[in-house]
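J.: Return atomic coordinates for the entry below.
(one chain, ligands or ions: 2)
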Amino acid sequence: MPPTNIVDYLRISLIDRCNFRCQYCMPEGAELDYLLKSSLLQDDELLLLLREVFIPLGFTRFRLTGGEPLLRPNLSNLIARIAALPATQDISLTTNGFLLAQQARALYNAGLRRINISLDSLNAETFDSLAGTKGRSRWQQVWQGIQIAHELGFNPLKLNVVVIPGVNDSELLDLAALSIDRAWHVRFIEFMPIGNDALFGDRGWVPSEEIRQRIRDRWGLAEGAVQGNGPADVFQIPGAQGTVGFISQMSECFCDRCNRMRLSADGWLRPCLLNETGQIDLKTGLREGIDPKLLRQQVQTLLQLKPEINYKERESGTTMGYGKTMSQIGG
Ligand code: SAM
Ligand code: SF4
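T.: Ligands and ions are numbered 1, 2, ... in the order given. I've put the predicted structure just below:
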């Protein structure tokens with residue numbers, strides 16, 4: 001039996017919709033079936049699940065994601081409520097940054113400090129082509145959101161880069177350099193075959209070690225910097241204020257140290273990014289009036305099964321008939 005890990009981190013998708021259409025996240029041209037508003041877990045339902053189900057089972061760290069979480073109405077209020085739960089040790093958000101300039105202050109005032117902003121390119125044209133926002137450039141507004149988040153004092157401020165061969169891999173050193181003068185943490189993510197299999201088939205992925213070597217050749221790279229909570233291997237360019245991290249789910253299997261579960265926007269609890277086995281529909285249970293203690297027992301059983309459910313054949317992605325995009329799963 002695989003080793004058991006402490007699972008205390010819940011990625012919560014707040015909405016499946018998105019105002020971008022990133023090439024690596026969604027299949028080109030395909031229509032996605034968005035959830036009806038009535039199918040989304042409401043704030044009160046989510047809080048109840050945290051209080052009655054997840055926190056008693058030891059979950060203390062929560063990441064809000066999507067789709068695009070900044071599209072969720074009253075997000076700041078929800079953040080303030082989660083942050084106020086006595087058990088919450090950590091609350092963080094992953095966003096594409098497009099609406100950040102206008103929402104950053106409210107998020108900060110609500111108690112959010114940890115933020116991950118996706119930034120795949122410093123070149124507006126490449127950025128828009130990747131984000132599917134050509135014709136109405138979004139780069140400038142995302143960049144402005146990042147600056148405002150920095151000025152407000154978000155910390156850690158992480159920049160997520162999904163590396164796509166032949167698209168943004170020529171500017172990886174420029175992106176890594178963002179970690180030098182400011183305490184920004186640039187995280188390079190290996191492209192996974194989820195969401196857009198055709199693009200993955202055409203382009204493939206760049207191993208993290210290749211990127212590390214390029215950074216090493218340019219500046220050197222200090223190894224063994226303090227590791228974060230997640231799967232990133234963290235390094236530092238000598239003298240830099242921030243770090244460079246690598247999420248290498250394709251080249252290095254970290255399933256055995258997986259510490260998370262995922263809650264979808266419509267309340268399905270998913271034990272593993274790449275394997276839906278054992279999923280629990282918590283929202284329906286809740287709405288049917290099932291005692292939260294029983295839901296907790298179901299989640300506890302799933303936690304026990306998780307080490308065996310954890311998928312370990314990442315190269316084949318989710319070609320297991322589920323066909324979900326990252327925007328639907330929550331990344
Ligand atoms: N919309 C927000 C954003 O883009 O940051 C949050 C949701 S997004 C699904 C969460 C993370 O998943 C992002 O950092 C995104 O870059 C990453 N992601 C999406 N599709 C991916 C893929 N096929 N391979 C690797 N990472 C992916
Ligand atoms: Fe939207 Fe994020 Fe997916 Fe891009 S990666 S399409 S921003 S959910």
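J.: wait, isn't Leu35 in contact with Asp266?
T.: Yes - contact criterion Cβ atoms under 8 Å: Leu35 and Asp266 qualify, at 5.2 Å. Just so you know, the C-beta spots here come from the backbone N, C-alpha and C atoms, and that holds for glycine as well.
J.: shared neighbours of these two, anything?
T.: With contacts taken as Cβ atoms under 8 Å, 6 or more residues apart in numbering, the residues that reach both Leu35 and Asp266 are Asp16.
J.: Close to ligand 2: what parts of the stretch 201-331 of the chain are there?
T.: Neighbours of ligand 2 within the stretch 201-331 of the chain, by Cβ under 6 Å from any ligand atom: 326-327.
J.: shaky segments in the stretch 201-331 of the chain?
T.: Applying pLDDT under 70 to the stretch 201-331 of the chain picks out residues 224-229, 311-323.
J.: what's the nearest residue to whatever residue of it ends up closest to ligand 1 if we skip its chain neighbours?
T.: When distances are taken as Cβ to the nearest ligand atom, the stretch 201-331 of the chain reaches nearest to ligand 1 at Gly331, 2.4 Å away. Once flanking residues are discounted, Gly331 sits nearest to Thr65: 5.4 Å by Cβ to Cβ, 6 or more residues apart in numbering.
J.: distance of that neighbour from Pro27?
T.: For Thr65, the distance to Pro27 (Cβ to Cβ, to the nearest Å) stands at 20 Å.
J.: Settle it for me: which of the two has more neighbours?
T.: Taking neighbours as other Cβ atoms under 10 Å, Thr65 and Pro27 compare with Thr65 leading, 24 against 16.
J.: ok, that one - contacts?
T.: When contacts are counted by Cβ under 8 Å, 6+ apart, Thr65 touches 11-14, 93-94, 330-331.
J.: residues near Gln42, how many?
T.: Using other Cβ under 10 Å, Gln42 has 15 other residues around it.
J.: so which helix or strand takes in the residue in the stretch 201-331 of the chain positioned nearest to ligand 2?
T.: Closest contact between the stretch 201-331 of the chain and ligand 2, by Cβ to the nearest ligand atom, is at Ser327 (3.6 Å). Applying DSSP states H and E as the criterion places Ser327 in helix 326-329.
J.: in that helix, what counts as buried?
T.: By neighbour count on 16 or more other Cβ atoms under 10 Å, the buried set for helix 326-329 is 326-329.
J.: in the stretch 151-300 of the chain, which spans are strands?
T.: Along the stretch 151-300 of the chain, counting by DSSP state E, counting those that start in this stretch, strands occupy 157-163, 184-190, 233-235, 243-247, 260-263, 268-270, 280-281.
J.: if we can go back for a sec, just give the number of residues close to the residue of the stretch 201-331 of the chain closest to ligand 1.
T.: Using other Cβ under 10 Å, Gly331 has 24 neighbouring residues.
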